[in-house]
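In: Fold the following for me, if possible:
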Amino acid sequence: MSFRTIIEPFRIHSTQAIRSITSEQREAALERAGYNLFGLHGDDVLIDLLTDSGTGAMSSRQWAAMMDADESYAGSRSFYRFQDVVRDITRLKEVIPTHQGRAAERILFSVVVKAGQVVPNNTHFDTTRANIEFCSAEARDLVIPEGRIPAARHPFKGNMDVTALEATIQEVGRDRIPLVMVTVTNNSGGGQPVSLANLKAVRAVCDKHRLPLYLDACRFAENAYFIKLREEGYAGKTAREIAREMFALADGCTMSAKKDGLANIGGFLAMNDPAVARECRNLLILTEGFPTYGGLAGYDLEAVATGLDEALDEDYLKYRLRSTAYLAERAEQGGVPVVQPPGGHAVYLDARALLPHIPAGQYPAQALAVELYRAGGVRGVEIGSVMFAKRHADGSETPAAMELVRLAVPRRTYTQSHIDYVGEVIAAVAQRKDALRGYRIVEQAPWLRHFTARFAPL
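Out: Next up, the predicted model:
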């Protein structure tokens, strides 16, 4: 006998208090933060959906492993357990720990990317793009057309446009492309998965032109489970088997273990090329730490090693994807269009569709994100022209392709009643959508401006 309700596949072992503040206090907090939700104090947030990166709850098995960690500076037992787990899942030979995903990106791109080159991806996320552009190279997005249409329903909207990839190689020349990258799942495009058929097609193009293929693999387990659910021929395979098949198509990967590593900090860079690995380790020693700890404590390595295994548990993955879809359903019931179909780690609200009276230059997604906090203390993040507009030398901007607000669900952290509350807040904001107004930027950084920019309401 089966039931419709999918329960959390865990018992709550300990709790942490959250506090509710008044609307006046929230307004004051917004003003202090310059209307940038990254600037809020955590204690001023009731339900925090800013990110799923490092914000999840760790398991009793992870905490137990941390207690038995080896903190040796060099040759830590915990590193070798970490390395064994990564190799078991990815089959990649060279494993380099880093303190988080963007460190892996910075090291890799510093080694292999040169000024004037082009790095194709289905869609680069913010730190990936910034680290490539910091090398004076171009981060080029080549997602399939359906991936740019929030309402379009496609089982694998994260897929790379293989024809566009081939055209890019012909346009810029093979020698100007240091590697091809595919992000699984495609975060900027709505947490959408990439099919194995698409990865195989991208691999074929890379083989044809002798180009290395890397995965941005921070949500590899969610992507693997989407393949199990949606791709013909994979229903009978385990998530672990599918993950191994994904990694078998790649020459390397970057990984933020703060996502599908189920840890609060950590990441790694892995590859098969020993020459590239040697250069990466040299840079790691300069900026992160010795190669057997890479900026992490031994207990962090233990937490990640255990978390990578737990992330492939199919009871957990079933709950994870269904709980995100439930929030998407609540948002739609509240009158807010979302990116379809729902992604694995987050719900993406379509601010452009909800707020057509706010032009892109006045940042409609930022307006919606601020209003969710103002109305009910729910913190999301803008994934639109604040984050991804192309800025020009004359001060003008080309808007982002989509204006989204991401509500990222931390792993194993909130219960259904928390999500029901978020749905009520979304509905309350939708009821007064015509009263919302845009914002202007009054202060911004040259890189990753969305983290520290300050805004003023229009």
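In: contacts, neighbours, all on C-alpha from now
Out: Noted.
In: tell me the domain boundaries of the chain?
Out: The chain is divided into the following domains under automatic domain parsing: 23-52+314-457, 60-310.
In: how about these in CSV, adding mean neighbour count, mean pLDDT and distance to residue 17?
Out: CSV is the format used below for the domains of the chain (neighbours: other CA atoms under 10 Å; pLDDT from 0 to 100; distance: least, CA to CA, whole Å):
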stretch, mean neighbour count, mean pLDDT, distance to residue 17
domain 23-52+314-457, 20, 95, 10
domain 60-310, 21, 97, 18
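In: could you dump these to TSV with distance to residue 16?
Out: Formatted as TSV, the domains of the chain follow (distance: least, CA to CA, whole Å):
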stretch	distance to residue 16
domain 23-52+314-457	10
domain 60-310	15
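In: Any idea which of those gets closest to residue 10?
Out: Taking CA to CA, domain 23-52+314-457 is the member of the domains of the chain nearest to residue 10, at 8.2 Å.
In: out of the domains of the chain, which comes closest to residue 1?
Out: Of all the domains of the chain, domain 23-52+314-457 sits nearest to residue 1, with 16.7 Å by CA to CA.
In: What is the distance between the closest one and the centre of its chain?
Out: 15 Å (CA atoms, centre = their mean, to the nearest Å).
In: Endpoints of that domain, how far apart?
Out: One end of domain 23-52+314-457 sits 17 Å from the other (CA to CA, to the nearest Å).
In: Which residue, other than its chain neighbours, is closest to residue 315?
Out: In this structure, residue 315 finds its nearest non-sequential neighbour in residue 9, 6.6 Å apart by CA to CA, 6 or more residues apart in numbering.
In: would you list every one of the strands in the stretch 301-450 of the chain?
Out: Assigned by DSSP state E, counting those that start in this stretch, the strands in the stretch 301-450 of the chain fall at 346-350, 378-379, 381-383, 390-391, 397-398, 404-408, 439-443.
In: neighbours around the residue nearest to residue 315, how many?
Out: By the measure other CA atoms under 10 Å, the count of residues near residue 9 is 13.
In: could I get the strands of the stretch 301-450 of the chain as CSV with distance to residue 185?
Out: Listed next are these as CSV, based on distance: least, CA to CA, whole Å:
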stretch, distance to residue 185
strand 346-350, 11
strand 378-379, 22
strand 381-383, 16
strand 390-391, 23
strand 397-398, 25
strand 404-408, 13
strand 439-443, 30
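In: quick check: longest helix of this structure.
Out: Looking across the chain with DSSP state H, the single longest helix is helix 314-333.
In: got a list of contacts for it?
Out: With contacts defined as CA atoms under 8 Å, 6 or more residues apart in numbering, helix 314-333 is touched by 6-9, 221-222, 225, 238-239, 310-311, 337-338, 342-347, 349, 409, 411, 416, 419-420, 422-423, 426-427.
In: and the angle for that helix with strand 404-408?
Out: If you take axes from the mean of the first three to the mean of the last three CA atoms, to 10 degrees, helix 314-333 sits at 140 degrees to strand 404-408.
In: Pull the CA coordinates from helix 314-333 and hand them back as CSV.
Out: What follows is helix 314-333, C-alpha atoms only, in CSV (Å, rounded to 0.1, in the frame of the first residue of the first chain):
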residue,chain,number,x,y,z
GLU,A,314,17.1,7.4,-2.7
ASP,A,315,14.7,7.9,0.2
TYR,A,316,16.4,11.2,0.9
LEU,A,317,16.4,12.2,-2.8
LYS,A,318,12.7,11.3,-3.2
TYR,A,319,11.8,13.5,-0.2
ARG,A,320,14.2,16.3,-1.4
LEU,A,321,12.7,16.6,-4.9
ARG,A,322,9.1,16.3,-3.7
SER,A,323,9.5,18.9,-1.0
THR,A,324,10.8,21.4,-3.5
ALA,A,325,7.9,20.6,-5.9
TYR,A,326,5.5,21.1,-3.1
LEU,A,327,6.7,24.6,-2.5
ALA,A,328,6.4,25.3,-6.3
GLU,A,329,2.8,24.2,-6.1
ARG,A,330,2.1,26.5,-3.1
ALA,A,331,3.6,29.4,-5.0
GLU,A,332,1.4,28.8,-8.1
GLN,A,333,-1.7,28.4,-5.9
